[in-house]
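Colleague: This is a predicted model, with the sequence first.
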Amino acid sequence: MSVNCCMTSAVSANPYQYKHGGDGVSETKSRVAWAWMCQQPSFNIHELATAAGYLESHAQRVVHSWVNSGHLLPVAGSGVCRDPILYAVVDIHREPRMGKGRVLGESPRKIRKKTGQQKMWNTMKIAQRFTIRDLSMTAGVGEGSAGIYVNRLVQAGYLRIFRPVNVHQPNRLRRGQLTVYQLVRNTGRLAPMVRSAGCWDQNEQGLYPFTLKSEASHEQDVA
């Protein structure tokens, strides 16, 4: 039985609706579904099926495939009839593979270019202890971006402050000091993804909420 068996309300008409029904996999229909998803803060399988003209069984396959490929994220709901699972698009600029001869949500055969966050995560796993400047240099990202990502990982419990900058010292004595961080939760190959309420762990397929306040940041470092 579908997890959305008790969902009876219809989705309001929208410009993305596909008019031709059926359960076949087509690039056009997949793009209609993806475009609609990108416009929603969250949605359930019943709503997607109505909006894109899918059978509900096919909408389930599409959603589960794109969750597995990292394009969609379950954000709420228990999956029981009156509380269907809600999903959200992870990155509207990263489109899943579509078209003839391709499996929906299938990972590309060619090697994708690593993101800045993935490069930083790789450095963290290798170095174990590092500064924001280390990550910036090895991953080729700005120190501001590196600092934001590091602080989110601290708040989600992946990192801890190993050696903070002594903020009680005058600037002349602090000059050149950098906060050192330590990796304390290495869950695997893929980098944690920052969401509004926490970090989504792609390796464990679970959300680590923000529960800790960052004790220090790159803003306290004195170059």
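Modeller: Done, it's in. Residues are numbered from 1 along each chain as shown.

Colleague: What number of residues are in the vicinity of residue 204?
Modeller: 12 (other C-beta atoms under 10 Å). (Each C-beta comes from the backbone N, C-alpha and C, glycine too.)

Colleague: typed the wrong thing, it's residue 41
Modeller: 8.

Colleague: show me what contacts the residue nearest to the spatial centre of the chain?
Modeller: By C-alpha atoms, centre = their mean, the chain has its centre lying nearest to residue 193, at 4.1 Å. Residue 193 makes contact with 90, 117, 199, 200, 202, according to C-beta atoms under 8 Å, 6 or more residues apart in numbering.

Colleague: Output the lowest mean pLDDT helix or strand found in the protein.
Modeller: Using mean pLDDT, DSSP states H and E, the weakest-scoring helix or strand in the chain turns out to be helix 171-174, at a mean of 70.

Colleague: Now the element after that one, going C-ward?
Modeller: Per DSSP states H and E, the first helix or strand lying C-terminal to helix 171-174 is strand 180-183.

Colleague: Give the partner strands of that following strand in its sheet and their orientations.
Modeller: Sheet pairing of strand 180-183 (DSSP bridges) gives strand 129-130 (antiparallel), strand 159-163 (antiparallel).

Colleague: Nearest to residue 66, out of those strands?
Modeller: Closest approach to residue 66 among these (C-beta to C-beta): strand 159-163, 29.3 Å.

Colleague: neighbouring contacts of that closest one?
Modeller: Counting by C-beta under 8 Å, 6+ apart, 124, 129, 150, 153-154, 179-185, 215-216 sit against strand 159-163.

Colleague: quick one: which of these has the most company?
Modeller: residue 181 (28 neighbours).

Colleague: Residue 212 - how many residues pack around it?
Modeller: By other C-beta under 10 Å, the burial measure for residue 212, its neighbour count, is 12.

Colleague: before we move on, the earlier item: just curious, which of the contacts of strand 159-163 is nearest to residue 54?
Modeller: Checking these one by one against residue 54 (C-beta to C-beta), the nearest turns out to be residue 153, at 37.1 Å.

Colleague: Look up phi and psi at that closest one.
Modeller: When read as degrees, to the nearest 10, the backbone of residue 153 gives phi -70, psi -30.

Colleague: now residue 28, what's its secondary structure?
Modeller: Secondary structure state of residue 28, per DSSP: H, G, I helix; E, B strand; the rest coil, is helix.

Colleague: Tell me the spacing between it and residue 118.
Modeller: According to C-beta to C-beta, to the nearest Å, residue 28 and residue 118 sit 32 Å apart.

Colleague: Comparing those two, which shows the higher neighbour count?
Modeller: More neighbours surround residue 118 than the other of residue 28 and residue 118, with 17 against 11 (other C-beta under 10 Å).
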